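Participant: Sequence first, then the predicted structure:
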Amino acid sequence: MPDTLTVTDNRTGKQFELPIDENSIQASDLSQIRLDDDSPGLVSFDPALANTAACRSAVSYIDGEKGILRYRGYPIEQIAEKSTYLETAYLIVKGELPSPTHLSMWEHNLKMHTIVHENVKNFIEGFRYDAHPMGILIGTIGALSTFYPEAKDIGHDESRRVQTRRLIAKIPTIAAMAFRHSKGLPYVSPDNELSYTGNFLSMLFKMTELKYRPDPILERALDVLFILHADHEQNCSATAARTVGSSHADPYSVVAAAAAALSGPRHGGANEAAVRMLREIGSVNRVPEMIKRVKDGELRLEGFGHRVYKNYDPRAKIIKQIAYQVFEATGKNPIIDIALELERIALEDEYFIKRKLYPNVDFYSGIIYEAMGFPTNMFTVLFAIARTSGWVAQWAEALDDPNMRIVRPKQLYIGAAPRDYVSLEQRTEVGPGETEIKGAI
């Protein structure tokens with residue numbers, strides 16, 4: 001006998017049997033629950049989709065209560081310790097870990113797409129000298145769709161594979177160009193003899209030397225950080241990718257939309273906020289004062305707590321270990337002492353324990369990026385490079401899902417009842433700055 005949920009509508013006394021499949025009910029099954037034949041069916045109201053599964057996915061898995069993150073079934077701890085970002089990207093995009101031959105081919109195919117068209121350089125030149133690198137990245141990714149019009153053929157498997165390679169390969173190049181543009185420095189061409197992260201560091205920081213040699217500690221640290229950010233279930237930017245992709249937009253437009261979602265301070269910009277908070281605290285001695293202000297509701301503790309994790313973010317544990325490896329190469333970032341003291345007090349304080357406010361991935365990542373020489377306005381760009389593999393995997397999975405149609409949520413209409421048009425001369429005057437409808441601009 002299949003699992004079902006019995007619902008009693010107390011308005012009518014009628015009962016309904018709703019099938020339960022994979023620990024879920026179909027939202028459309030609620031539509032049969034209505035007052036009468038002329039009434040609209042019941043809908044579920046779930047702002048921000050907090051408890052609504054909008055898709056079925058095999059890419060990544062989170063158990064927020066237990067602090068678990070897995071990519072295609074593999075624990076993030078094992079992936080971060082043993083894998084590389086490009087191998088992880090292969091896993092996320094293709095579903096399985098590659099054989100040695102397939103990994104070599106994958107790396108070769110990506111290297112063939114690291115160079116961007118000269119007109120892309122001209123496009124970036126058009127941005128103001130002080131343009132935010134994330135804005136440059138979003139705009140340039142979107143513009144790539146005009147360079148590769150065949151990308152619109154989303155039903156062609158080979159085209160999709162090529163666009164995937166192009167996106168993963170070219171976004172670090174564009175990101176590095178955005179960084180150099182903000183510094184007034186000439187662009188550095190890709191060096192395909194280096195690793196994925198080594199090449200990126202070269203494009204960022206190479207000056208007059210004939211051959212840039214990345215510090216192996218920093219190269220590996222950045223690789224691990226990219227691994228930790230590669231995918232994270234149905235977060236805001238992944239949902240944006242699936243939503244835009246559901247209209248059958250090309251993958252460059254899809255990834256640009258996802259990057260735009262990531263740019264907000266509630267999503268990818270959170271590590272910037274965490275570093276700013278630590279700098280504002282200024283010293284270890286001021287941490288208790290900060291804690292008190294948080295408890296009094298005056299401030300928000302940046303880098304603590306997570307929408308999904310109700311336990312210690314598993315990525316934060318890994319990043320904390322990486323931080324000390326980075327400091328061996330760069331010297332200690334002084335704000336790490338403030339971060340450690342803030343974490344120590346918060347983890348011992350009943351106020352934070354009760355609210356399950358543990359450090360998340362953003363708390364330490366910004367400290368590491370700053371130690372490596374990245375300005376804060378590059379933090380979200382680094383996040384976008386890493387998350388590209390996840391976005392394209394989510395996009396492709398949604399396209400192949402027979403249940404997916406163009407995203408079109410329901411709404412609960414709260415506006416005016418039916419009314420007749422009133423001519424201009426008969427309308428009531430409204431004072432300056434006032435609005436007649438709540439929420440109107």
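Facilitator: Received, thanks.
Participant: Show me the longest helix that occurs in the protein.
Facilitator: Counting by DSSP state H, the longest helix found in the chain is helix 157-183.
Participant: Show me what secondary structure element comes after it.
Facilitator: Following helix 157-183 in sequence order, the next helix or strand is helix 196-205 (DSSP states H and E).
Participant: Give me the distance between the helix or strand following that following helix and the centre of its chain.
Facilitator: Next in sequence after helix 196-205, counting helices and strands by DSSP H and E, comes helix 216-228. Centre-to-centre, helix 216-228 and its host chain are 18 Å apart (C-alpha atoms, centre = their mean, to the nearest Å).
Participant: hmm, back to that, report the mean per-residue pLDDT for the longest helix of the chain.
Facilitator: Mean pLDDT, helix 157-183: 96.
Participant: How about stretch 344-361?
Facilitator: 84.
Participant: Could I get the CA-only coordinates of that stretch as CSV?
Facilitator: Only the C-alpha atoms of stretch 344-361 are listed here, as CSV (Å, rounded to 0.1, in the frame of the first residue of the first chain):
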residue,chain,number,x,y,z
ARG,A,344,35.5,30.9,21.1
ILE,A,345,33.1,33.2,23.0
ALA,A,346,30.2,32.5,20.7
LEU,A,347,30.5,28.7,20.9
GLU,A,348,30.5,28.9,24.7
ASP,A,349,27.7,31.4,25.1
GLU,A,350,24.2,30.0,25.6
TYR,A,351,22.7,32.8,23.5
PHE,A,352,24.5,31.5,20.3
ILE,A,353,24.3,27.8,21.2
LYS,A,354,20.5,28.1,21.6
ARG,A,355,20.2,29.8,18.2
LYS,A,356,22.6,27.4,16.6
LEU,A,357,24.8,30.2,15.4
TYR,A,358,28.0,28.5,14.4
PRO,A,359,30.7,29.8,12.0
ASN,A,360,29.9,29.3,8.4
VAL,A,361,32.1,29.1,5.3
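Participant: Name the residues of it that come out as buried.
Facilitator: Ala346, Phe352, Leu357, Tyr358, Pro359, Asn360, Val361 (16 or more other C-beta atoms under 10 Å). Glycine gets a C-beta too; all of them are placed from N, C-alpha and C.
Participant: how much space between Ala316 and Phe363?
Facilitator: 6 Å (C-beta to C-beta, to the nearest Å).
Participant: Which of those two has more residues huddled nearby?
Facilitator: Counted by other C-beta atoms under 10 Å, Ala316 and Phe363 do not tie: Phe363 has more neighbours, with 27 against 23.
Participant: That one: which element?
Facilitator: For Phe363, the element it lies in under DSSP H and E is helix 361-371.
Participant: Thr6 now?
Facilitator: strand 4-9.
Participant: thinking again about what came up before, which elements pack onto the longest helix of the chain?
Facilitator: helix 85-94, helix 100-111, helix 118-125, helix 133-147, helix 196-205, helix 251-262, helix 379-399 (3 or more C-beta pairs under 8 Å, 6 or more residues apart in numbering; DSSP states H and E).
Participant: Would you reformat those helices as JSON lines and include mean neighbour count?
Facilitator: Converted to JSON lines, the helices and strands packed on helix 157-183 look like this (neighbours: other C-beta atoms under 10 Å):
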{"stretch": "helix 85-94", "mean neighbour count": "23"}
{"stretch": "helix 100-111", "mean neighbour count": "14"}
{"stretch": "helix 118-125", "mean neighbour count": "14"}
{"stretch": "helix 133-147", "mean neighbour count": "21"}
{"stretch": "helix 196-205", "mean neighbour count": "23"}
{"stretch": "helix 251-262", "mean neighbour count": "26"}
{"stretch": "helix 379-399", "mean neighbour count": "25"}
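Participant: how about those, which one is nearest Gly155?
Facilitator: helix 379-399 (8.2 Å; C-beta to C-beta).
Participant: and the angle for the closest one with helix 216-228?
Facilitator: Put simply, helix 379-399 runs at 40 degrees to helix 216-228, going by axes from the mean of the first three to the mean of the last three C-alpha atoms, to 10 degrees.
Participant: Report the angle between helix 379-399 and helix 133-147.
Facilitator: Using the same axes, to 10 degrees: helix 379-399 against helix 133-147 is 40 degrees.
Participant: how far does helix 379-399 sit from the chain's center?
Facilitator: Distance, centroid of helix 379-399 to centroid of chain: 7 Å (C-alpha atoms, centre = their mean).
Participant: just the CA coordinates of it, formatted as CSV?
Facilitator: Below are the C-alpha coordinates for helix 379-399, written out as CSV (Å, rounded to 0.1, in the frame of the first residue of the first chain):
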residue,chain,number,x,y,z
PHE,A,379,35.8,37.9,-2.9
THR,A,380,32.5,37.3,-4.6
VAL,A,381,34.2,37.0,-8.0
LEU,A,382,36.3,34.1,-6.6
PHE,A,383,33.1,32.5,-5.3
ALA,A,384,31.6,32.8,-8.8
ILE,A,385,34.6,31.1,-10.5
ALA,A,386,34.2,28.1,-8.1
ARG,A,387,30.4,27.9,-8.4
THR,A,388,30.4,27.9,-12.2
SER,A,389,30.7,24.1,-12.4
GLY,A,390,27.7,23.8,-10.0
TRP,A,391,25.6,26.3,-12.0
VAL,A,392,26.2,24.5,-15.3
ALA,A,393,25.5,21.1,-13.7
GLN,A,394,22.2,22.4,-12.2
TRP,A,395,21.3,23.9,-15.5
ALA,A,396,21.9,20.8,-17.5
GLU,A,397,20.2,18.6,-15.0
ALA,A,398,17.1,20.8,-15.1
LEU,A,399,17.0,20.7,-18.9
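Participant: how much does it deviate in direction from helix 196-205?
Facilitator: In terms of direction (the same axes, to 10 degrees), helix 379-399 departs from helix 196-205 by 140 degrees.
Participant: tell me which strands and helices helix 379-399 is in contact with?
Facilitator: helix 85-94, helix 133-147, helix 157-183, helix 216-228, helix 236-245, helix 251-262, helix 270-281, helix 361-371.
Participant: Could you dump the buried residues of stretch 344-361 into CSV with distance to Tyr90 added?
Facilitator: What follows is the buried residues of stretch 344-361, written out as CSV (distance: C-beta to C-beta, whole Å):
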residue, distance to Tyr90
Ala346, 38
Phe352, 39
Leu357, 35
Tyr358, 31
Pro359, 30
Asn360, 27
Val361, 22
